[in-house]
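**Q** Quick one, structure for this:
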Amino acid sequence: MTDSTRRLKPAALCGWLCIGLALGWAVPVAADDIGQDEALRLAEQGHILPLQALIEDALRRFPGRFLEAELERDDGHYTYELEIVTRDRRVIELEYDAATGKLLDVDIDEDD
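**A** Numbers count the residues shown, from 1 in each chain. Next comes the predicted model:
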């Protein structure tokens with residue numbers, strides 16, 4: 001965990017999720033999706049990293065614009081799925097371990 005990650009407050013998670021909902025980034029909630037109240041509680045308790053830290057990492061790796069994020073629980077593990085659009089207009093989905101911040105998977109949409 002970097003110093004900047006430690007400085008981020010759990011409230012940033014709620015802020016990004018609330019902004020995303022207000023802008024229509026929400027995706028229908030499936031059985032394994034975690035809602036914003038639960039995500040905030042998990043971040044405040046230190047079980048997961050704040051979403052903002054992973055958004056910053058994703059945009060460092062692939063400069064562009066953040067589109068949406070989902071927090072999911074699968075087999076007891078929490079993962080964030082982030083979607084960004086790069087400056088060259090490619091849509092990229094990144095999957096992170098929500099507890100450690102480790103990048104687990106990158107899926108680049110090559111529809112051209």
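**Q** give me the beta-bridge partners of residue 93?
**A** residue 83, residue 107 (DSSP bridges).
**Q** State the distance from it to residue 40.
**A** Separation of residue 93 from residue 40 (Cβ to Cβ, to the nearest Å): 23 Å. The C-beta positions use only the backbone N, C-alpha and C, and glycine is treated the same way.
**Q** Between these two, which has more neighbouring residues?
**A** Higher neighbour count among residue 93 and residue 40: residue 40, with 21 against 17, using other Cβ atoms under 10 Å.
**Q** What helices and strands are in contact with the strand or helix carrying that one?
**A** Per DSSP states H and E: residue 40 is located in helix 36-44. Helices and strands touching helix 36-44, as assessed by 3 or more Cβ pairs under 8 Å, 6 or more residues apart in numbering; DSSP states H and E, comprise helix 10-22.
**Q** what's the average pLDDT for the helix it packs on?
**A** On average, the pLDDT along helix 10-22 is 51.
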